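Peer 1: model the structure of this input:
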Amino acid sequence: MEEENLVFYFIFLVLCLIATVGGYFVYSGLLYAVNVETKQKVLKNFRVAYKFARGPYKECGHLFTEAHSVAPNLKTFAIYYDNPQQVAPHSLRYCVGSVLSDDPQAPKNEELMKDFEKYGFKEVTFPEMEYAVCTTFPFNGTLSLFLATIKVYPKLTEYITERDLTAHPVIEIYEPNQIKYFVPLSRQEEFYVPEALEVEEEILNSESDIPSEKEAEGVDQVLPRAPSSKEEVENGSENSESSYEKVSEAFDEE
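Peer 2: Predicted structure coming up:
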């Protein structure tokens, strides 16, 4: 009888463990349906404190920690500039930091920016997004970040590829309970921080910046198409204009 009770309790504990783990996965976004769409004027001018870096995207975590330590109450963000299937891991460009303000009329907090500057952060203001490919994902802990990587990026890439859009870079904004994703369809060059533009030509001209087949297969996330030249980033491109026209015409028809 005692052995039967022990077996019963063991099975009960195992089921509870499975239910707890399963519930945590669901809470973190496992079953979340990623809905990708194109929106107009989704984000106003926003001012940020940022740090630029190069290397595998998975190594950007310490920059989030730094930004959060300076201003815990501010939203954090990241911008990813390169496609890991086109650029070697050590050359991938990104910037991470905090959103100082998303209200163009709000006065600057000079003291707060000084705090960021002490830790090597710089300030830049990005323009309003006229049109962008957008989606969201729950943000309920570290597991949400892992699930977002494997659920969101394939959907973004599929949406952009099927519609033959030129969209870059990928912008993530982390709010208390969700991650917002934006991929601009126009004025893309204005979302590149100066440091990203400075190394563009270096990446294009260096064979060592081309990922090996093994590296390309093992990337931790897939990004939409990256710009193919420095001129495209600085001056825009015919493809970008075409994407802008496609989307604006669709909105006009509505």
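Peer 1: how close does V7 get to Y159?
Peer 2: V7 sits 50 Å away from Y159, going by Cβ to Cβ, to the nearest Å. All C-beta atoms are positioned from the backbone trio N, CA, C, and that covers glycine.
Peer 1: swap that for F25, please
Peer 2: From F25 to Y159 the distance is 25 Å (Cβ to Cβ).
Peer 1: which residue, other than its chain neighbours, is closest to the residue nearest the centre of the chain?
Peer 2: Centroid-nearest residue in the chain: E172, 3.4 Å away (criterion: Cα atoms, centre = their mean). Computed as Cβ to Cβ, 6 or more residues apart in numbering, the closest residue to E172 that is not its neighbour in sequence is A78, at 4.8 Å.
Peer 1: what's the neighbour count on that neighbour?
Peer 2: 21 (other Cβ atoms under 10 Å).
Peer 1: mind checking the backbone torsions on it?
Peer 2: phi -150, psi 150 (degrees, to the nearest 10).
Peer 1: can you name the residues that contact it?
Peer 2: Residues near A78 by Cβ atoms under 8 Å, 6 or more residues apart in numbering: C60, F64, Y94, C95, V96, I171, E172, Y174.
Peer 1: check it and give its pLDDT.
Peer 2: Per-residue confidence (pLDDT) for A78: 97.
Peer 1: G22 too?
Peer 2: 80.
Peer 1: which SS class is it?
Peer 2: Secondary structure, DSSP: H, G, I helix; E, B strand; the rest coil: G22 is helix.
Peer 1: ok, now the one 4 residues further on?
Peer 2: V26 falls in the helix class when you classify it by three-state DSSP.
Peer 1: number of nearby residues for it?
Peer 2: Neighbour number of V26 under other Cβ under 10 Å is 12.
Peer 1: one more: the one 5 residues further on?
Peer 2: Neighbour count of L31, defined by other Cβ under 10 Å: 10.
Peer 1: now it: how far from T20?
Peer 2: 16 Å.
Peer 1: same thing with K122?
Peer 2: Counting by Cβ to Cβ - K122 and T20 are separated by 43 Å.
Peer 1: again, but for Y181
Peer 2: Y181 is 29 Å from T20, by Cβ to Cβ.
Peer 1: more neighbours: which of those two?
Peer 2: The residue with more neighbours, out of Y181 and T20, is Y181; 21 against 10, by other Cβ under 10 Å.
Peer 1: surely that one is within a strand?
Peer 2: Yes. Applying three-state DSSP, one finds Y181 inside a strand.
Peer 1: I'd say L63 and V96 touch.
Peer 2: Yes. Using Cβ atoms under 8 Å as the test, L63 is close enough to V96 to be in contact (3.8 Å).
Peer 1: the stretch 1-150 of the chain: strands as residue ranges?
Peer 2: 37-43, 46-54, 76-80, 93-101, 122-126, 129-138 (DSSP state E, counting those that start in this stretch).
Peer 1: output the contacting helices and strands for the second one.
Peer 2: So that's strand 46-54. On a contact count with 3 or more Cβ pairs under 8 Å, 6 or more residues apart in numbering; DSSP states H and E, strand 46-54 meets helix 61-70, strand 76-80, strand 93-101, strand 122-126.
Peer 1: ok, now with 6 Å
Peer 2: If you count contacts as 3 or more Cβ pairs under 6 Å, 6 or more residues apart in numbering; DSSP states H and E, strand 46-54 packs onto strand 93-101, strand 122-126.
Peer 1: all good on my end, thank you.
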